[in-house]
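Peer 1: What follows is a predicted protein model with its sequence.
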Amino acid sequence: MKIVVLIKQVPDTAEERTLVPATGWLDRDAADNVVDEINERALEVALRVKDADKSTEVVVLAMGPDEATKAIRKALSMGADSGIHVLDGGLAGSDAARTAAVLAAALRGTSADVILAGNESTDGRGGVVPAMIAEHLGLPLVGGLNAVELVGAAGSGKVSGERSGDSGSLQVTAALPAVVTVTERTAEARFPNFKGILTAKRKPVATLTLADLDVAVTVAHAVVVSHSERPAREAGRKIEDDGTAGTQLASYLFENRLV
């Protein structure tokens, strides 16, 4: 089985994130950039398949600036076999539609049995790119899985798993090849060990530009029309128990539609 995991380098969620006023884009120089945690969980799913079957090949694919190479090397140190870096200055600030088209073009040459990704990134939170990729490639989308099981390869294999819904959980399945997304309920990602860090430096990383891909040359940037800073948190309401505290709490919950 060949699994391609989509990864993205994002500003660390533990730090303050801001927008650049001139462009409305996220300021990626104001905080440390790391591999998005949800993508690490997707990679962990792939690596567990590889642990059970050593013939499994795991490739990571990222689109981003030069610094995104660090994210790819981190994934390689965790256990991925190789990486693909889509690097082109013309892709800066691409919107979801443009991103999906370019990633789909890069994926066509991989012969992947499974394309794995997180259900949404922590910087954009659109959650639509994997679905758009599936549409471009004509593949089924098995999205939002809390648990994943992969068996076999394209033509004979399948993906199955559990998805949470408003009224309970669903068991879903699809034939391979397929696009699969996972949630934060999947397995926690492993830490790179010393051997993994050393071997990551020798693993191949292919670099692709727009000229290398069969994709229309268009400009499609995400534009933020206006933005404002997050307001400071207001002090909470303090209730003194004079015998009516329970009633006051219940009223507060109902007024704010919390029950």
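Peer 2: Right, received. Where do you want to start? Numbering: from 1, shown residues only.
Peer 1: okay, and for the stretch 151-259 of the chain, where does confidence drop off?
Peer 2: 154, 217, 219 (pLDDT under 70).
Peer 1: Strands of that one, start to end?
Peer 2: Per DSSP state E, counting those that start in this stretch, the stretch 151-259 of the chain carries strands over the ranges 158-165, 168-175, 178-182, 205-208.
Peer 1: And the contacts of stretch 83-93?
Peer 2: Around stretch 83-93, the neighbours that count as contacts under CB atoms under 8 Å, 6 or more residues apart in numbering are 4, 23, 25, 59-66, 68-69, 72-73, 75-76, 98-99, 102-103, 106, 110, 203-210, 213, 219, 221-222. Yep, even glycine has a C-beta here, placed from its N, CA and C like the rest.
Peer 1: Let me know the average pLDDT across that stretch.
Peer 2: For stretch 83-93, mean pLDDT is 92.
Peer 1: what's the span of that stretch, first residue to last?
Peer 2: 22 Å (CA to CA, to the nearest Å).
Peer 1: what does stretch 62-73 give?
Peer 2: Start-to-end, stretch 62-73 (CA to CA) is 11 Å.
Peer 1: Give the buried residues for it.
Peer 2: Residues of stretch 62-73 classed as buried by neighbour count (16 or more other CB atoms under 10 Å): 62-64, 68-69, 71-73.
Peer 1: wait, Asp12 sits on Arg28?
Peer 2: No - look at Asp12 against Arg28 with CB atoms under 8 Å: they stay out of range, at 10.6 Å.
Peer 1: Looking at the two, which one has more neighbours?
Peer 2: Using other CB atoms under 10 Å as the criterion, Asp12 and Arg28 rank with Arg28 on top: 17 against 13.
Peer 1: Now that one: closest residue in space that isn't a chain neighbour?
Peer 2: Of all residues not flanking Arg28 in the chain, Pro11 sits nearest, at 5.9 Å (CB to CB, 6 or more residues apart in numbering).
Peer 1: Distance check, that neighbour against Asp123.
Peer 2: Counting by CB to CB, to the nearest Å, the gap from Pro11 to Asp123 is 6 Å.
Peer 1: These two: which has the busier surroundings?
Peer 2: Ranked by neighbour count (other CB under 10 Å), Pro11 and Asp123 place Pro11 first, with 21 against 16.
Peer 1: got a list of what the more buried one touches?
Peer 2: Shown in contact with Pro11 (CB under 8 Å, 6+ apart): 17, 26-28, 30-34, 123.
Peer 1: about what we covered before: and the buried residues of stretch 62-73, which is closest to Ala187?
Peer 2: Distances from Ala187 to those, taken as CB to CB, are shortest for Ala71 (19.5 Å).
Peer 1: Show me what whichever strand or helix holds the closest one is packed up against.
Peer 2: Ala71 belongs to helix 68-78 when assigned by DSSP states H and E. When contacts are defined as 3 or more CB pairs under 8 Å, 6 or more residues apart in numbering; DSSP states H and E, helix 68-78 packs onto strand 9-11, strand 33-35, helix 37-52, strand 57-63, strand 82-86, helix 194-200, strand 205-208.
Peer 1: tell me the most buried of these?
Peer 2: Comparing the helices and strands packed on helix 68-78 by mean neighbour count (mean count of other CB atoms under 10 Å), strand 57-63 comes out on top with a mean of 24.
Peer 1: low pLDDT regions in the stretch 1-150 of the chain?
Peer 2: 30.
Peer 1: ok, which stretches of the stretch 101-250 of the chain are helices?
Peer 2: Shown for the stretch 101-250 of the chain, the helices assigned by DSSP state H, counting those that start in this stretch span residues 129-137, 194-200, 245-255.
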